[in-house]
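> Pasting the sequence and the predicted model now:
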Amino acid sequence: MNLSHVLPSRLFRFSELLLAGWAPFVAVAASGFTLGFFAWYAVVVPSHHAMLAETGLLLMTIGGAAAVTAAWLGYASYFSVRARIAPVRALQYDAATWPPLLLLWFSFLLPPELTHGARLFLVAVLLCCVGKVLIAARFNQTVREVLIDFAATRVAIIVIAELAAVIIGQRAGSHVQESSHALLAVWGRWDAVHYLNIATAGYQGTDMAFFPLYPLLIRMVGALAANHLVAGLLISSASLFFGLLYLYKLLEHEYDRAVARRAIFYVSIFPTAVYFTAVYTESLFFMLTVASFYYMRARLWWVAGILGFFAALTRIEGVLLIVPFAMECFAAQRGQRRNYSEYAAALLIPAGLAVYMAYLWVLRADPLYFSHVQIHWNRHFAPPWVSLINAFGKIAHTSSAQIVANQSLEIAFTLLMIGVLVAGWHSLRPSYIAYMGLSILVPMSTSNLMSMPRFALVLFPMFAILARWGERPWVNNVILAFSLPLLGLFTVLFADWYWVA
């Protein structure tokens with residue numbers, strides 16, 4: 001199915017801009033003027049060049065107003081088509097999302113600790129984005145349903161985690177405290193410590209097992225937020241929302257709206273969905289892989305390849321996207337003359353891995369160091385069945401109830417993924433089957449099943465299968481009865497520094 005028709009474009013006529021009224025135009029222009037002024041204040045004023053400062057003030061304030069006005073027109077044009085509303089109405093609604101930029105003037109009024117870095121700018125941008133999402137939800141059913149699932153499940157997980165951290169407290173022992181604020185510290189557990197360390201101090205030691213895109217984004221957003229933990233939470237939350245949105249649109253066109261609706265809900269309440277909120281790569285990787293599949297199906301190969309490039313910079317499994325890419329590209333050109341430029345876009349996917357390998361070659365003289373350092377976690381290449389044998393062996397040779405519980409969970413989730421694939425493969429496209437199979441095979445080939453419950457979280461074809469099965473009420477009830485109690489349990493365990501996945 002070709003999805004190219006879902007990517008509309010339209011240009012406004014000048015008459016429509018006039019009909020929108022003077023108030024929206026003034027609000028947007030004033031917001032742009034504010035943005036231009038503070039860009040001048042942050043960039044030009046520190047240079048202490050009088051002539052440049054005067055000229056720059058005029059150019060940057062006018063340029064800011066023009067740039068924001070152009071962005072307003074462009075987004076409203078897109079929004080009018082997607083929401084199926086009149087262009088004038090789209091202009092009027094979207095104009096209401098730009099005034100938060102006026103908050104930047106409070107930089108001269110608020111205490112410095114509240115405006116450190118570019119916090120007000122980040123807050124203003126976030127409010128602009130939230131406003132656009134709320135307005136989109138008002139007119140678009142897809143955005144509305146995704147927003148409801150996102151908000152309901154995230155609020156519940158956050159409340160459970162915060163209460164667990166306060167009422168139950170940390171597991172006995174010494175633990176890293178990534179923030180002095182208890183409400184923030186709960187999200188900096190386990191692997192989050194590595195990502196935050198990389199963002200703060202760069203790669204050191206075993207940190208090189210973790211791929212660079214996520215910590216790089218944390219560093220960039222953290223420069224605005226003046227807090228890397230907050231930056232990680234913002235990136236994870238935004239990535240999850242857009243990941244769910246892409247999954248909904250992908251499955252809506254593959255199957256129907258009901259299947260898409262169930263799939264995003266099942267993903268949101270999966271037992272390890274707490275990692276979508278924490279400072280982990282799950283949200284970012286989920287968004288990039290689903291979006292890459294979406295654009296493969298839309299036959300926008302270069303967009304899909306670019307997203308695959310970033311997925312491979314996020315986690316090693318991202319490179320697996322080259323297989324479904326090649327399969328979809330071949331299927332699209334079947335019976336037609338080959339267009340090899342489209343196949344060339346596939347090379348962007350392994351290029352993401354190659355970039356990180358080149359970096360490690362320079363840093364450690366070992367381009368595969370990210371793999372070799374896995375020995376620190378007792379991982380090494382082995383046939384996939386070895387990991388299952390080792391897991392059962394640990395259960396058989398230990399007296400620790402916690403080890404038995406952890407290994408049992410890892411075995412159970414591994415068998416769940418395999419079972420769903422075997423039982424439901426016929427309901428998926430071949431490219432989905434290949435991606436899901438490889439995504440199970442690769443972590444199983446590391447001699448242990450560590451983190452398999454978390455790896456299942458980003459395996460979106462599994463949720464497509466479950467969503468189709470969920471048409472039967474009893475199956476839907478079983479999925480809910482399985483997911484919700486375990487999600488609550490895993491959230492409490494994660495918040496209190498117990499290993500989950």
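Received, thanks. Numbers count the residues shown, from 1 in each chain.

> can you count the residues close to residue 321?
30 (other C-beta atoms under 10 Å). In this view, the C-beta of every residue, glycine as well, is placed from N, C-alpha and C.

> Residue 20 too?
Applying other C-beta under 10 Å, I find that residue 20 has 23 neighbouring residues.

> ok, and the closest non-adjacent residue to it?
residue 91 (4.0 Å; C-beta to C-beta, 6 or more residues apart in numbering).

> Can you check the pLDDT for that neighbour?
Per-residue confidence for residue 91 comes out at a pLDDT of 91.

> Same check on residue 188?
pLDDT at residue 188 comes out at 90.

> do residue 42 as well
Value for residue 42, per-residue pLDDT: 84.

> again, but for residue 81
Predicted confidence (pLDDT) for residue 81: 87.

> For residue 87, see how far away it is.
Residue 81 is 9 Å from residue 87, where distance means C-beta to C-beta, to the nearest Å.

> cool, residue 192 as well?
44 Å.

> So if I had to pick from residue 81 and residue 87, which one is more boxed in?
Counted by other C-beta under 10 Å, residue 81 and residue 87 do not tie: residue 87 has more neighbours, with 22 against 15.

> isn't the more buried one right up against residue 78?
No - if you go by C-beta atoms under 8 Å, residue 87 and residue 78 don't touch, sitting 10.7 Å apart.

> Distance of residue 448 relative to residue 295?
From residue 448 to residue 295 the distance is 34 Å (C-beta to C-beta).

> Looking at those two now, which is surrounded by more residues?
Counted by other C-beta under 10 Å, residue 448 and residue 295 do not tie: residue 295 has more neighbours, with 24 against 21.

> Helix or strand next in line after the helix or strand in which that one is found, which one?
Secondary structure assignment for residue 295, by DSSP states H and E: helix 282-297. Proceeding N to C from helix 282-297, the next assigned helix or strand is helix 301-312, under DSSP H and E.

> Show me how far the helix or strand following that following helix is from its chain's centre.
Remark: after helix 301-312, the chain's next helix or strand is helix 322-332, criterion DSSP H and E. With C-alpha atoms, centre = their mean, to the nearest Å as the basis, helix 322-332 stands 24 Å off its chain's centre.

> for helix 322-332, packing partners?
Helices and strands touching helix 322-332, by 3 or more C-beta pairs under 8 Å, 6 or more residues apart in numbering; DSSP states H and E, are helix 282-297, helix 301-312, helix 340-345, helix 348-364, helix 430-444.

> Which residues does the last one contact?
By that I understand helix 430-444. 293, 296, 316-317, 320-321, 323-324, 327-328, 331, 384, 387-388, 414, 417-418, 421, 425, 428, 449, 451-452, 455, 458-459, 461-462, 464 (C-beta atoms under 8 Å, 6 or more residues apart in numbering).

> Repeat that for the second one.
Counting contacts by C-beta under 8 Å, 6+ apart, the residues outside helix 301-312 that touch it are 213, 285, 288-289, 291-296, 298, 318-319, 321-322, 325, 329, 342, 345-353.

> ditto for the fourth one
Residues outside helix 348-364 that contact it (C-beta under 8 Å, 6+ apart) are 203, 208, 211-212, 302, 305-306, 308-313, 316, 318-319, 321-322, 325, 366-370.

> Any stretches of the stretch 101-250 of the chain with poor pLDDT?
Within the stretch 101-250 of the chain, the stretches with pLDDT under 70 are 115-117.

> you'd agree the residue nearest to residue 20 is up against residue 27?
No - look at residue 91 against residue 27 with C-beta under 8 Å: they stay out of range, at 10.9 Å.

> if we can go back for a sec, pull up the gap between the residue nearest to residue 20 and residue 79, please.
9 Å.

> same check, this time on residue 379
For residue 379, the distance to residue 79 - C-beta to C-beta - is 47 Å.

> Just want to know which of these two has more residues nearby.
Using other C-beta under 10 Å as the criterion, residue 379 and residue 79 rank with residue 79 on top: 24 against 19.
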